[in-house]
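>>> Okay, sequence plus prediction incoming.
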Amino acid sequence: MSDDGAADDGTAPTDRDHAEWLDALADGDGFAIVCPDGHGSLPPRRVCPDCGSPDLSREPLDETGTVETYSVVHVPSPRFADDAPYATAVADFGPTRLTGIVRGGDASDDPPSVGIGDAVTVDVGERETDGERLVVFRPVTSAGDD
Amino acid sequence: MTDVRVAGVGLTSFGSHPGRTGRDLFAEAALRAFEDGDVDKSDVEELNYGNFMGALAEHQGHQAPLMAEAAGVRCPATRYESACASAGVAVREAVRTVAAGDADVVLAGGMERMTNLPTDEVTEGLAIAADDLFEVRAGVTFPGAYALMANAYFDAYGGGREDLAHVASKNHANAVPNEYAQYRREVSVDEAMDAPPVAEPLHLYDACPITDGASALVLVSAEYAERHGLDAPVAVTGTGQGTDRMALGDREHLARTPAADDAAAAAYADAGIDAGAVDVAEVHDCFTIAEVLALESLGLFEPGEGISAAREGITTADGDLPVNLSGGLKAKGHPVGATGGSQIAELTRLLRGDHPNSERVPDADVGVAHNAGGTVASAVVHVLEVAE
């Protein structure tokens, strides 16, 4: 059924590519879609959004990313009601940037301190409010918190 | 190309209008615009109408025919949606239609009804202007997205919360005499600094309010104005639009807005002016940092220098380049789909000399309006000039 979009696992039909991408990310196989000129983007793509090239391939994300900006959100949308306050960040993972929520290894670390230039790894976690999957960044610390 | 004039402008008061339908709000603005311009509404050849979240707020799609009948016009009517730039693109297409000689009279504007929804649903509604898969699902709210840009800006260029508090304080002061403004009270820099956080580094007074309201403009050809003896001294001499990658994280630079750079360059070229000619500006300050980014995209300040413009008094009402004399989205209010039309209505009043703050810019001949959608994945810029 997946080809005509009627997913049987409860995900919305239009989200199939996104669900597959999250699966890969959760398995440690996160990838970007990359064109011959090295422009990276996120799926689904039929052409490169930067140059229009149809010659696209999957390339692995860097194992660690670098936080380029962040914000601690205090006023959430209803879907994140039980998650707030939380830290959202944009981090560079090589072929592309990702946007996600920063979480520490310790659940009490809420939200963890984060800064521009910090190194993070990426994983898939669950929204506290309703259990939906989301992109999670975890700070890389010398102490090893995870 | 035909010379395009702003014959009439109409606004509702911005704020909370509980129980009033969107169609009633837009009708009020449109009828006021016809009266202001002394234009017979039976001459209207097209309606270009902006609206963002009417399907959520009023369970009402397909709003353009509804608004045409509310305004008492029967002509091709189309709704434009580009998030917070919805009215900006509606006006732009009206300008192009008149300039091309395809119509002599076009009604353009927009309406948004928002306060009938609880705040968390408005937050959810506004967030749909971001990339659902890769931003909204990662917890990005509308304030949160601008907060990401603010921290990126501080990191790239310096500046901080207090600079933004000066933007808030300036725009609140400007709104005090404006009869259409939602918040006609001053907010001090200290008050802004002490307000609770929404999405750090942005706090309550860095954010525009949730607003109901409508705007309408009657745009006419100069020939029509002359033929009907209209007093329409303000011309729209330039229009430009830009588009960027939808998600903030996909942009070339997290602390700049290239879509607005492109829109400004196109609008200035269309008008045959450069940024140095601008006397007064209305810019899209949905959040204080957005005003800073707008000033830099408009070429009024170099990247990294817009942050201190309010604090140094350059953009205050008595400064060299007053910005958001209407109060801006920040204090006048931001009925999302009406804002782009409202900015041009206010700029027209400022240039005509009948705005409560016109005395701040008595010699102004050139104004610029900057309207942005999402985190500036869409941007529209218009140049207005006193033509006679």
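Cool, the structure landed.
>>> Where do the strands of chain B begin and end?
B:4-11, B:46-50, B:77-80, B:105-112, B:197-200, B:202-203, B:213-221, B:234-243, B:280-282, B:366-373, B:378-386 (DSSP state E).
>>> and those as CSV, adding mean pLDDT?
Shown next, in CSV, are the strands of chain B (pLDDT from 0 to 100):
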stretch, mean pLDDT
strand B:4-11, 98
strand B:46-50, 98
strand B:77-80, 98
strand B:105-112, 98
strand B:197-200, 97
strand B:202-203, 98
strand B:213-221, 98
strand B:234-243, 98
strand B:280-282, 98
strand B:366-373, 98
strand B:378-386, 98
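>>> What residues does chain B have near chain A?
Taking C-beta under 8 Å from any C-beta of the partner chain as the measure of proximity, chain B contacts chain A at B:119-121, B:123-124, B:127, B:133-141, B:143-144, B:147-152, B:155, B:196-202, B:245, B:247-250, B:254. C-beta coordinates here come from the backbone N, C-alpha and C atoms, glycine included.
>>> of these, buried ones?
B:121, B:123-124, B:127, B:133-141, B:143-144, B:147-152, B:155, B:197-202, B:245, B:247-250, B:254 (16 or more other C-beta atoms under 10 Å in any protein chain shown).
>>> now A:Glu63, what's its secondary structure?
What DSSP: H, G, I helix; E, B strand; the rest coil gives for A:Glu63 is coil.
>>> Next up, phi/psi of the nearest residue to it once chain neighbours are set aside, please.
With C-beta to C-beta, 6 or more residues apart in numbering or on different chains as the criterion, A:Glu63 has its nearest non-adjacent residue at 6.9 Å, and that residue is A:Thr121. Torsion angles at A:Thr121 (phi, psi; degrees, to the nearest 10) stand at phi -100, psi 170.
>>> What of the one 5 residues further on?
In terms of degrees, to the nearest 10, the main-chain angles of A:Glu126 are phi -120, psi 140.
>>> Quick check: it touching A:Leu134?
Yes. Applying C-beta atoms under 8 Å as the test, A:Glu126 and A:Leu134 come out as touching, 7.1 Å apart.
>>> can you put the strands of chain B in JSON lines and add distance to A:Asp83?
Putting the strands of chain B into JSON lines (distance: least, C-beta to C-beta, whole Å) gives the following:
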{"stretch": "strand B:4-11", "distance to A:Asp83": "38"}
{"stretch": "strand B:46-50", "distance to A:Asp83": "33"}
{"stretch": "strand B:77-80", "distance to A:Asp83": "34"}
{"stretch": "strand B:105-112", "distance to A:Asp83": "28"}
{"stretch": "strand B:197-200", "distance to A:Asp83": "13"}
{"stretch": "strand B:202-203", "distance to A:Asp83": "18"}
{"stretch": "strand B:213-221", "distance to A:Asp83": "32"}
{"stretch": "strand B:234-243", "distance to A:Asp83": "31"}
{"stretch": "strand B:280-282", "distance to A:Asp83": "36"}
{"stretch": "strand B:366-373", "distance to A:Asp83": "27"}
{"stretch": "strand B:378-386", "distance to A:Asp83": "29"}
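>>> which one of A:Glu126 and A:Leu134 has more residues nearby?
Between A:Glu126 and A:Leu134, counted using other C-beta atoms under 10 Å in any protein chain shown, the more crowded position is A:Leu134 (23 against 12).
>>> wait, what's in contact with B:Asp279?
Contact analysis of B:Asp279 by C-beta atoms under 8 Å, 6 or more residues apart in numbering or on different chains lists B:321, B:361, B:363-367.
>>> same question, B:Glu186
B:169, B:172-173, B:176.
>>> Look up how far B:Ala87 lies from it.
Distance of B:Glu186 to B:Ala87, computed by C-beta to C-beta, to the nearest Å: 28 Å.
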